[in-house]
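[1] Sequence first, then the predicted structure, then my questions.
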Amino acid sequence: MRSILTIARRELSTYFVSPLAYLILAVFLMVVGLSFCLNLIAFANECLIYGSNPYFLQHLNVNEQVVRPLFGGFVPVFLLILFPAITMRLLPEEKRQGTAELILTSPISSAQIVLGKYLGALVVSLVMLGGSLAFIVVLAQVSQPDLRTVASLYLGVFLLGATFLAIGLCLSAFTDNQVLAYVMSVGALLVLWFLSGVSKSNSLNQSLGEKATGFLANLSVIEHFPDFTKGVVDTQHVAYYLSIIVFSLFVAQRVVDSHRWR
């Protein structure tokens with residue numbers, strides 16, 4: 001455990017000594033903050049227009065019109081583009097700096113290397129999500145959001161982001177080129193994202209069968225996310241994300257292990 005924490009601290013120092021982490025954090029908060037402001041302004045305008053009408057007033061919901069579109073729609077797409085930028089350097093950077101041989105020949109196991117680097121990236125993602133809590137605090141000052149739904153949304157976004165990081169780390173183990181690692185990660189995540197539409201295709205349902213298309217749809221990273229946006233924490237969805245994370249880290253560990261024997 002000490003070795004894992006040491007590697008994680010090393011990764012965090014690398015992130016925050018260079019401008020990369022600050023740039024990613026600034027871009028995330030700026031873009032999410034802008035989207036939050038636009039959603040909040042639109043909601044405030046609707047309250048001013050329809051607030052005097054009891055029928056429309058009961059349909060005005062800050063969770064449905066501000067929080068859910070932001071963290072349930074925009075943020076996951078943004079993380080799909082942003083998180084591969086965090087993971088693309090985790091393993092290729094060691095090869096570029098010439099420190100890969102030093103790490104691989106050390107008494108630290110491959111699993112500890114992978115877990116340490118993953119933990120460092122995960123802490124960066126937690127800092128990003130923690131920064132976005134400022135928007136919820138502002139929202140709580142001017143309205144009454146359902147905090148249970150907000151907590152469920154944050155859990156879903158965290159699990160989804162952790163899955164993105166695990167897949168990105170796994171794919172970065174296959175190459176020493178950071179740009180290629182980024183492109184591979186975004187491409188793989190897009191494929192896993194769009195698998196959710198497989199079951200909606202009549203031609204695929206006829207050629208593959210409903211069970212096969214249903215199975216492929218269940219592999220989609222976004223198929224298990226909507227329940228979190230409704231305030232429902234289903235253990236089936238949690239187990240899916242944890243399974244993808246464990247599998248991705250296992251593959252990354254095996255790839256790193258194979259490098260040690262070359």
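    Nice, thanks for sending it over. Keep in mind it's a predicted model, so treat the numbers as computed, not measured.
[2] Would you check that Tyr154 makes contact with Leu129?
    Yes. Proximity of Tyr154 to Leu129 meets the contact threshold set by CB atoms under 8 Å, at 6.6 Å. (C-beta placed from N, C-alpha, C; glycine too.)
[3] so where is the stretch 101-250 of the chain shaky, pLDDT-wise?
    Judged by pLDDT under 70, the stretch 101-250 of the chain has its weakly predicted residues at 101-107, 197-210.
[4] Look up phi and psi at the nearest residue to Val31 once chain neighbours are set aside.
    Excluding its sequence neighbours, the residue lying closest to Val31 (CB to CB, 6 or more residues apart in numbering) is Phe78, at 6.4 Å. Dihedral pair for Phe78: phi -70, psi -40, per degrees, to the nearest 10.
[5] Check Ser18 too.
    phi -80, psi 160.
[6] do Ser109 as well
    phi -80, psi 160.
[7] excluding its backbone neighbours, what's nearest it?
    Nearest to Ser109 is Ser3, by CB to CB, 6+ apart, at 7.9 Å.
[8] count of neighbours near the one you found?
    16 (other CB atoms under 10 Å).
[9] got a list of what it touches?
    108-109, 112, 116 (CB atoms under 8 Å, 6 or more residues apart in numbering).
[10] still on that earlier bit, from what I can see the residue nearest to Val31 touches Gly33, true?
    No. Contact criterion CB under 8 Å: Phe78 and Gly33 do not qualify, at 11.9 Å.
[11] Farthest-apart pair in the contacts of Ser3, please.
    For those, the maximum inter-member distance is 10.3 Å, found between Ser109 and Gly116 (CB to CB).
[12] Among the two, which residue is more densely surrounded?
    Gly116 (21 against 15).
[13] Now the spatially closest residue to that one that is not a sequence neighbour: which helix or strand?
    In this structure, Gly116 finds its nearest non-sequential neighbour in Ile7, 2.6 Å apart by CB to CB, 6+ apart. According to DSSP states H and E, Ile7 maps onto helix 2-17.
[14] Kindly report the same for Val221.
    Going by DSSP H and E, Val221 is not in any helix or strand.
[15] and it, how many residues sit next to it?
    25.
[16] Quick check: nearest residue in space to it, chain neighbours excluded?
    Leu192 (4.7 Å).
[17] Within the helices and strands, which one has that neighbour?
    helix 178-194.
[18] Counting by contacts, list what that helix packs against.
    helix 75-87, helix 92-97, helix 147-172 (3 or more CB pairs under 8 Å, 6 or more residues apart in numbering; DSSP states H and E).
[19] Let's have these in TSV, adding distance to Val27 and mean neighbour count.
    TSV is the format used below for the helices and strands packed on helix 178-194 (distance: least, CB to CB, whole Å; neighbours: other CB atoms under 10 Å):
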stretch	distance to Val27	mean neighbour count
helix 75-87	7	21
helix 92-97	20	16
helix 147-172	15	22
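[20] Make JSON lines from the ones you listed and add distance to Ala42 to it.
    Output for the helices and strands packed on helix 178-194, formatted as JSON lines (distance: least, CB to CB, whole Å):
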{"stretch": "helix 75-87", "distance to Ala42": "17"}
{"stretch": "helix 92-97", "distance to Ala42": "42"}
{"stretch": "helix 147-172", "distance to Ala42": "19"}
